[in-house]
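>>> for reference, the sequence and a predicted model appear below.
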Amino acid sequence: MSSCKLAALGMANALGGNTAEIAPRLFAGESGLVERRNAVPDRAMYLGEVRAALPDIPGQLARYRCRNNALSLAALRPIEEQIRACIERVGRHRVAVIFGTSTSGVSDAEAALRYQRQHGDLPPGFAYAQLEFGGGAGFVADYFGVTGPTYAISTACSSGARALATARSLLHLGICDAVIAGATDTLCNLTIFGFSALQAVSDEITNPCSANRKGLSLGEAAALFLVTRESGGIQLLGVGESSEAHHMSAPDPTGAGAEAAMRGALADAGVGAADVLYLNLHGTGTPLNDSMECAAVARVFGLETPCSSTKPLVGHALGAAGATEAGFCWLALAAARNGELPLIPHRWDGVRDPEIPAIDLIDGRRRAPFRGRPLVATNSFGFGGNNCVLVLGGEG
Amino acid sequence: MSGATVIRTAAWAPGIETEDALHAWFAAPRPLAADGHPEAKFLPAMLRRRCTPLTRIMLTAAYGCCDEAELGSVRTVFASRHGSINESIDLLESIAAAARVSAATFSHSVHNAQAGLFSIAADNRQASSSLAGQEDSFPAAYLEALTLLQRSPKQKVLLVMGDVPLAATFAPLIDEPPASYAVGLLLAASGKGRRVDIDLAPGDETVASPPWPAAFELLRWLHDGEPRLIIPTPKRRWIFTAS
């Protein structure tokens, strides 16, 4: 077992542009999704859009100018001082950037291709760094002037969780002394049309685990952490990973892959299922995900562990979902007081699906009492059957 | 400095499809051909139908590195600078032209498509990562493989790095010799084989990189038996040492 400190967190998503805005709405179970009738032809859907104005990319980094990087910058601004102080301390060559994404700058590539159709050439100043998968990591590294290992993890919807797992291992290997790690994904036509083609998008706010669930709601988000080798504070304690060997776009209905990842994370953290106070579900609201996930959760945790999906609050931010949900767990651990952990409500219509195990879905505002160190876990399951589960611990 | 033992290697590029052809390339290295892909007949026909040229190339290198038991038991790292970006560009064109995309093409255009298809073809349920790191993609992949070995030192890790040329729309934007290729490395935390350590130092713009992919340069270096290899990228110098 090796752990690392999640020393600082910056976020932006449909609930707000920084953690101070996001936290109260998160614990109240508010949804930031809004209805959009023109995203695809003949179909309404709810989207989790970031409404805050995004900062400009500085001129000397113009080749990285795209919405994805502007969103990363928005999330990083509130923790910029902490990051710069850390870089000062360890040296810019000893700071890595590990960045999850599934879209990178694709939304801006759409505009560039549109321009090209009209004018015959790509827009002036368009650079491949705006588009390529590794560009989001390169932008963050260049923004801070750090030259440690810098790359993007892209395993679809588990990307953000995997980025944190890699950060912890790089620190353990000694190849760097601090990591800026997390994920950013922005809404774009590619994913909106793609998930619509898969018949996976609900025309209502996603309703995970309900008998009436009709699919997912898409969102966009950035969640970036400063990760260090220090002890104390909020720590990443366990990582569990698996592949499914099943299907490119559908999970194994038995939940075997999800179960293996959850058991792996608990074993890696050296804790038991009963020690976990809160489990953040992948909970996409698609019929198959929720039935296989609840079955797997029931096998690993039983029916007593409080659970919620935060997808109805911010939408499914795909490559950024794992880091965003680790961020929500971080906010809960940071708000633990007097032996009580605030739990994040499960926002749904309350109609149980008789076909899936009745796990404890958190209704309204609740707190979980704890002794010792509070522990939480978060599930991320991606296309291609790529699963990653993280266990986080707070101050005891 | 951290490292691993290289148990086995494999490579594929147009015209470099056999051990003899690879040795001929080691003797006289030159830029790789831009286009071509293997049939990848070891894949079931149903699965192969959906495989892009990049997937066929990367899975050919993957299968070339593993015996039957290893195929199902290795943890994997699939790395590619461009991945399925050409398919994503086609999907964007389809949205612009017809306001629709194919569900199957979309789900096979994720950056971890090769990892997912390998998992299905090889019935592999182990941890898997997929990454991209601009000009640093190959050294980044080696580090990522080390992170998987760190988390589970008893399991071997299969690293596959591959790319195909970027679509014509964007190709002029990058300074990179176009190549279709993949290299596979089967790695272990310790044991019999060459140990290859990796370290990095700040960039030095005076060092030029060879006009073929870094992963092929590493194979050439391993074959030649030199103690040290420097892979220069715009921001970093990656230092590989063998013992």
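Received the coordinates, thanks.

>>> flag every buried residue along stretch A:352-364.
Across stretch A:352-364, burial judged by 16 or more other C-beta atoms under 10 Å in any protein chain shown covers A:353, A:356-357, A:359-362. (C-beta placed from N, C-alpha, C; glycine too.)

>>> who touches the residue lying closest to residue A:273 once chain neighbours are set aside in this structure?
Computed as C-beta to C-beta, 6 or more residues apart in numbering or on different chains, the closest residue to residue A:273 that is not its neighbour in sequence is residue A:301, at 4.6 Å. If you count contacts by C-beta atoms under 8 Å, 6 or more residues apart in numbering or on different chains, residue A:301 has them with A:262, A:273-274, A:276, A:279, A:307, A:359.

>>> can I get the buried residues of stretch A:352-364 in a markdown table with distance to chain B, pLDDT and secondary structure?
A markdown table is the format used below for these (distance: C-beta to the nearest C-beta, whole Å; pLDDT from 0 to 100; DSSP: H, G, I helix; E, B strand; the rest coil):
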| residue | distance to chain B | pLDDT | secondary structure |
| --- | --- | --- | --- |
| A:353 | 25 | 98 | coil |
| A:356 | 23 | 96 | coil |
| A:357 | 23 | 98 | coil |
| A:359 | 24 | 98 | coil |
| A:360 | 28 | 98 | coil |
| A:361 | 28 | 98 | strand |
| A:362 | 30 | 98 | coil |
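
>>> circling back: need the buried ones from the contacts of residue A:301 selected in ChimeraX.
Entered in ChimeraX, the line below selects the buried ones among those, by 16+ other C-beta under 10 Å:
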select /A:262,273,276,279,307,359
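
>>> out of the contacts of residue A:301, which sit inside helices?
Using DSSP state H, the subset of the contacts of residue A:301 located in helices is residue A:262.

>>> and which of the contacts of residue A:301 is nearest chain B?
residue A:262 (13.7 Å; C-beta to the nearest C-beta).

>>> run through the residues that contact the closest one.
Counting by C-beta under 8 Å, 6+ apart, residue A:262 has contacts A:240, A:296-297, A:300-301, A:377, A:379, A:389.

>>> how close does it get to residue A:238?
10 Å (C-beta to C-beta, to the nearest Å).

>>> what do you get for residue A:150?
For residue A:150, the distance to residue A:238 - C-beta to C-beta - is 25 Å.

>>> find the helix or strand that residue 22 is a member of.
Picked chain A for this. helix A:19-27 (DSSP states H and E).

>>> oops, wrong one, chain B.
helix B:19-27.

>>> may I see the buried residues of that helix?
Buried-residue list, helix B:19-27, by 16+ other C-beta under 10 Å: B:22, B:25-26.

>>> mind giving me the packing neighbours of the next helix or strand after it?
The C-terminal neighbour of helix B:19-27 among helices and strands, as given by DSSP H and E, is helix B:45-48. Helix B:45-48 sits against helix B:113-122, with contacts defined as 3 or more C-beta pairs under 8 Å, 6 or more residues apart in numbering or on different chains; DSSP states H and E.

>>> output the helix or strand that the helix it packs on is followed by as CSV, restricted to C-alpha atoms.
Going down the chain from helix B:113-122, the next helix or strand is strand B:128-132, by DSSP H and E. Extracted as CSV, the C-alpha positions of strand B:128-132 are listed here (Å, rounded to 0.1, in the frame of the first residue of the first chain):
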residue,chain,number,x,y,z
SER,B,128,-5.3,-1.3,-18.7
SER,B,129,-4.3,2.2,-19.4
SER,B,130,-4.3,4.2,-22.6
LEU,B,131,-2.4,7.5,-23.1
ALA,B,132,-1.1,10.2,-25.3
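
>>> how about strand B:128-132 and chain A, touching?
Yes: judged by C-beta under 8 Å from any C-beta of the partner chain, strand B:128-132 and chain A are in contact via B:128-132.

>>> which ChimeraX command selects the buried ones in those?
Of the residues of strand B:128-132 next to chain A, the buried ones go into a single ChimeraX selection, burial set by 16+ other C-beta under 10 Å:
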select /B:128,129,130,131,132
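
>>> how about the residues of strand B:128-132 next to chain A in CSV, adding pLDDT and distance to residue B:94?
Shown next, in CSV, are the residues of strand B:128-132 next to chain A (pLDDT from 0 to 100; distance: C-beta to C-beta, whole Å):
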residue, pLDDT, distance to residue B:94
B:128, 98, 29
B:129, 98, 29
B:130, 98, 24
B:131, 98, 27
B:132, 98, 23
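
>>> okay, whatever residue of chain B ends up closest to chain A: pLDDT?
In chain B, no residue comes nearer to chain A than residue B:116, which is 2.5 Å away by C-beta to the nearest C-beta. The score at residue B:116 is 97. That number is its pLDDT.
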